[in-house]
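Novice: need a structure here:
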Amino acid sequence: MFLKILFACIYFLLDYGVIFAEVDHNLVKQAAYSLSKLDNVAIEFTQIDQKAKKAKGKLLIKKPYHFRCNYYPPYPLLIVGGKKYVTIYDYSLETITRIDTKDSITNILLVNNLDSNDNFKVVQTRKSDDYIVIKVLYLDKNQFSELFFDTKTLVLSKIKIYEMNAPSIILDLDPPVKVKKFAKDLFLIPSPEIFGKPKFLKKKELEDKYEPY
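Specialist: Prediction:
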């Protein structure tokens, strides 16, 4: 019985690339440096899911704790992160969900150090002419992601999120735009029961609520 469990664990680890994977700590440091620069920025993105459906939106980051993943209509989600919680509002279902920040995979965009974290671990790195790729295992989850940094500029260009060892979401990121000032309400979702559902911001409406350099 013990051998069966042992072989099952080895198979799982091999299947997900957790062991026998090489981690180049110099590449990890370069990636961490790039992530540390993602502060007070707005990033346009295109999302492709496993059914090849596309959605567009903008990611706003204001460290140390705040981000907003603002999808443009008709994609029906709004995701806002704070110090303790990540709040998700579904416009189609008119429901709100709240999870601990540490349990959200978006948390990796707010860190400045990839080496020491209780919630995820870098399990593999690789480098090509185009990208430095950092593969991250989210501890206590059946999830991985890969962060793609442009080899020449070190700018984060793509994120692949995996579930059950297959890509479920791919985010293609435009270069970040530095922001001088965000409207405070961009990083809040007040209770819909009291204040009504949050406004579904289109691209122009969102851009009117922050001031770029």
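
Novice: name the element residue 33 belongs to?
Specialist: helix 25-36 (DSSP states H and E).

Novice: list the buried ones in that helix?
Specialist: Neighbour-count burial for helix 25-36, counted by 16 or more other C-beta atoms under 10 Å, picks out 27-28, 30-32, 34-35. Glycine gets a C-beta too; all of them are placed from N, C-alpha and C.

Novice: got it, and stretch 180-187?
Specialist: 182, 186-187.

Novice: related to what we said a few turns ago, show me what the helix holding residue 33 is packed against.
Specialist: strand 120-127, strand 131-138, strand 143-150 (3 or more C-beta pairs under 8 Å, 6 or more residues apart in numbering; DSSP states H and E).

Novice: among these, which is nearest residue 90?
Specialist: Set against residue 90 and scored by C-beta to C-beta, the helices and strands packed on helix 25-36 come closest in strand 143-150, at 20.3 Å.

Novice: toward the C-terminus, what is the element adjacent to the closest one?
Specialist: Downstream of strand 143-150, the next assigned helix or strand under DSSP H and E is strand 156-163.

Novice: which residues sit in contact with residue 65?
Specialist: Going by C-beta atoms under 8 Å, 6 or more residues apart in numbering, residue 65 touches 81-83, 101, 110.

Novice: from residue 187, how far off is it?
Specialist: Note on residue 65: its distance to residue 187, by C-beta to C-beta, to the nearest Å, is 9 Å.

Novice: mutual contacts of those two, please.
Specialist: In terms of C-beta under 8 Å, 6+ apart, residue 65 and residue 187 are both contacted by the residues 81-82.

Novice: what about residue 149, neighbour count?
Specialist: Here the number of neighbours of residue 149 (other C-beta atoms under 10 Å) works out to 23.

Novice: going forward can the numbers begin at 56, since that is how I track them
Specialist: Got it, the first residue is 56 from now on, which makes the last one we talked about residue 204.
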